[in-house]
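Peer 1: can't give you the sequence, but here's the structure:
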């Protein structure tokens with residue numbers, strides 16, 4: 001008896017599935033397909049959305065350095081007086097002051113590796129004993145950055161150490177060297 005009910009249930013289920021799957025254009029080639037008239041045809045793919053919640057450049061026009069999984073950012077700015085690094089929030093918009101007298105950058109250029117120190121250069125809005133801006137006027141650093149050296153920024157924020165990949169954008173239209 002149970003087998004008869006199972007067979008009947010399976011048959012009914014099969015009929016329902018076949019009737020739902022059976023609606024195709026090839027079966028009704030002579031009928032007007034009015035329920036598909038509202039379909040919009042797209043000639044080209046829409047632009048992909050940027051999955052980052054931050055701009056391409058920092059608030060000072062510099063190159064962004066991702067710290068962690070976008071927990072924070074740093075901005076590398078090449079100015080007339082040297083190189084400046086700003087510490088920013090995860091959206092790369094707001095300054096984040098840290099209690100550090102300096103930050104370090106390790107660069108590789110022409111097979112050589114060297115570390116450079118950026119001294120704290122407090123901004124007016126930074127709390128006492130903290131800085132969100134770090135600067136260096138080391139001519140060798142400037143030369144290496146200009147030559148396309150790449151490396152890492154080592155920084156500690158809120159008790160956690162971060163390493164961020166550093167590479168200077170060589171589109172120099174926005175600033176002079």
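Peer 2: Sure thing, it's come through. Just so it is clear, the structure is predicted and the values come from calculations on it, not from any experiment. Numbering: from 1, shown residues only.
Peer 1: now the helices: where do they sit in this protein?
Peer 2: 2-21, 139-146 (DSSP state H).
Peer 1: tell me, which of the ones you listed is the model least confident about?
Peer 2: By mean pLDDT, the lowest-scoring of those turns out to be helix 2-21, with a mean of 43.
Peer 1: give me the number of residues near residue 145?
Peer 2: By other C-beta atoms under 10 Å, 27 other residues sit near residue 145. Placement of C-beta: from N, CA and C, glycine included.
Peer 1: how about it, what does it touch?
Peer 2: Applying C-beta atoms under 8 Å, 6 or more residues apart in numbering, we find residue 145 in contact with 76, 78, 83, 107, 168.
Peer 1: so which one among those has the lowest pLDDT?
Peer 2: residue 168 (58).
Peer 1: ok, back up a step: the contacts of residue 145: which two are farthest apart?
Peer 2: Farthest pair in the contacts of residue 145 (C-beta to C-beta) is 78 and 107. Separation: 13.6 Å.
Peer 1: where in the protein is pLDDT low?
Peer 2: 1-55, 168-177 (pLDDT under 70).
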